[in-house]
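S.K.: The amino acid sequence is not available; the structure is as follows:
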């Protein structure tokens, strides 16, 4: 159980922390310093490095979460509202990320490759909004996970 909790927390920190860094730090700095071609190239490379880590985090989060759910609670019936909420938020976040991965992200990569900067900017904007949504969901999940059983 301690291993499952540790892996679960590390995976959550990687995913939510990465989104926080991207949204709150890197995005405004890149927007202030780089012209659209360089900014789009930067983001495509950042996502190429970060998104595989997100997929790994998703696998670890669901693997360890379900492990703890069944080992500790014996299934969903005995789990508290905060556990149900974490699972629901995790499913929503994963759905949003999968959409990013399969729809706007490949389009961003393709537009950067052919230097279609305005179209690439549209795809990056969509990804940015979706990551912002996932960041809010992720931070809410952290609050629910840490305080839920005490509320």
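M.R.: Yep, it's here. Small disclaimer: the values here were computed from a predicted structure and weren't measured.
S.K.: which non-adjacent residue is nearest residue 92?
M.R.: Computed as CB to CB, 6 or more residues apart in numbering, the closest residue to residue 92 that is not its neighbour in sequence is residue 137, at 6.0 Å. To be clear about C-beta, it is placed using only N, CA and C from the backbone, and glycine gets the same treatment.
S.K.: correct me, but that neighbour touches residue 89?
M.R.: Yes. The pair residue 137 / residue 89 is scored as a contact, 5.2 Å apart, by CB atoms under 8 Å.
S.K.: element containing the closest residue in space to residue 22 that isn't next to it in sequence?
M.R.: Spatially, and ignoring its direct neighbours in sequence, residue 22 is nearest to residue 131 (6.3 Å; CB to CB, 6+ apart). In the assignment (DSSP states H and E), residue 131 maps to helix 117-147.
S.K.: do the same with residue 83
M.R.: Using DSSP H and E, residue 83 falls within helix 81-102.
S.K.: which residues touch the residue nearest to residue 92?
M.R.: 89, 92-93, 96 (CB atoms under 8 Å, 6 or more residues apart in numbering).
S.K.: Most neighbours among the residues you listed, which one is it?
M.R.: residue 93 (24 neighbours; other CB atoms under 10 Å).
S.K.: If we ignore the residues flanking it in sequence, what's nearest residue 80?
M.R.: residue 149 (5.8 Å).
S.K.: And residue 149, what's its pLDDT?
M.R.: The per-residue pLDDT reported for residue 149 equals 78.
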